[in-house]
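1. With the input below, show me the fold.
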Amino acid sequence: MKTLPSRLQAHLDTGVTTLAWCWRLTRADGARFGFTDHDLPLVFDDTIFEPQSGFTASELRAGSDLAVDAQEAEGVLSSDRITETDILDGRWDNAAVEVWRVNWAAPDQRVLMRRGAVGQIRRGRLAFVAEVRSLAHVLGQTVGRVFQAGCDAELGDARCRVNLNAVAFRGTGSVAERLRDRAFVAAGLGAFASGWFAQGTLTWGSGANAGRRAEVLLHDVIGGLVTLTLLEAPLRAITVGDSFTVTAGCDKRAETCSGKFGNIANFRGFPHIPGQDAVIRYATKDGGHEGEVLG
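-> The predicted model follows:
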């Protein structure tokens, strides 16, 4: 049960209220924004809550169990605050959200209704609908390490320690020919063997997708032509001349860590852990299932 500040409670007890919703959103890049469904700006906690966004809210849904509660906030795509480009680029993904109920006639009379994060965003031509998830959504995320044969580190991170800026693991090139929405012939990567950049990361340096990152699905060298296929099609079309930087990929196997990167000392998997085949083994007369130590 939520306890209301005494002055806000007194305001509610009058029976005639002047209430508004306020949302404060903090993106992963640290940018902070305030919005309200009131028709004038509201200010508190060093944040200006602007009405120009056209925000409206659904009802608050909450339960007594650990299910993820949710609310929806609908708003107009604004050219200077919430742009379609920022949404497409993922800048609002998992942004921290505070939802306030405020007496707009006296903003110091307010109560924090919930904290959460921006979940799914549905976009239309002129507006968007953002899901505001409660903090319970964190309980559904995997925390800690997983015992598995493959490495659970990200290539190049502090646990892996591979230097992806090294010449051997990094290439720069440009689009020489567009094949499909996510595949193209690349110029400038002729010195690398086929498959070297498969499962790697490509960062666009110019063109409509400049600054965006993509995962490389396939890297093929056939007849001297280098082709790259991305896991997903970019949000904007690939065009000839677009430049990019691409880093080597890793399939998380111990053999790759040792042979390709010379980094087996930092391998973060358990290559000798028994697999599912060990669980379903049974004894047979022809050997192979006699209970010996697994090699």
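2. Now the residue positioned nearest the centre of the chain: closest residue in space that isn't a chain neighbour?
-> Centroid-nearest residue in the chain, with CA atoms, centre = their mean: residue 93, separated by 6.2 Å. Nearest residue to residue 93 in three dimensions, chain neighbours excluded: residue 118, at 6.7 Å (CB to CB, 6 or more residues apart in numbering). Where you see a C-beta, it was placed from the backbone N, CA and C, and this is true even at glycine.
3. SS state for that neighbour?
-> Counting by DSSP: H, G, I helix; E, B strand; the rest coil, the backbone at residue 118 sits in strand.
4. Checking the closest residue to residue 264 other than its chain neighbours next. Helix, strand or coil?
-> Nearest residue to residue 264 in three dimensions, chain neighbours excluded: residue 258, at 4.1 Å (CB to CB, 6+ apart). Put simply, residue 258 is helix when judged by three-state DSSP.
5. pLDDT wise, what is residue 258 at?
-> The model reports residue 258 with a pLDDT of 95.
6. can you check residue 273 too?
-> Looking at residue 273, its pLDDT is 82.
7. Wasn't it part of a strand?
-> No: counting by three-state DSSP, residue 273 is not found in a strand; it is coil.
8. isn't it right up against residue 147?
-> Yes: the criterion here is CB atoms under 8 Å, and residue 273 meets it with residue 147 at 6.2 Å.
9. Who has more neighbours out of the two?
-> residue 273 (11 against 8; other CB atoms under 10 Å).
10. wait, what's in contact with that one?
-> By CB atoms under 8 Å, 6 or more residues apart in numbering, the contact list for residue 273 reads 147-149.
11. now, which of those residues lie within helices?
-> Applying DSSP state H to the contacts of residue 273, no entry is found in helices.
12. Could I get those residues in JSON lines, plus columns for distance to residue 39 and pLDDT?
-> Listed next are the contacts of residue 273 as JSON lines, based on distance: CB to CB, whole Å; pLDDT from 0 to 100:
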{"residue": "147", "distance to residue 39": "56", "pLDDT": "84"}
{"residue": "148", "distance to residue 39": "55", "pLDDT": "86"}
{"residue": "149", "distance to residue 39": "59", "pLDDT": "88"}
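13. Which of these lies at the shortest distance from residue 28?
-> Nearest to residue 28 among these is residue 148, at 27.6 Å by CB to CB.
14. Just give me the neighbour total for that closest one.
-> Counted by other CB under 10 Å, the residues lying close to residue 148 total 14.
15. Now do the strands in the stretch 1-150 of the chain.
-> In the stretch 1-150 of the chain, the segments counted as strands under DSSP state E, counting those that start in this stretch are 19-26, 32-36, 42-44, 47-50, 56-57, 70-76, 96-103, 110-123, 127-134.
16. Return the list of strands paired to the second one, each annotated with direction.
-> Same thing as strand 32-36. The pairing partners recorded for strand 32-36 under DSSP bridges are strand 19-26 (antiparallel), strand 47-50 (parallel).
17. out of these, nearest to residue 97?
-> strand 19-26 (5.5 Å).
18. Tell me what angle that closest one forms with strand 96-103.
-> 160 degrees (axes from the mean of the first three to the mean of the last three CA atoms, to 10 degrees).
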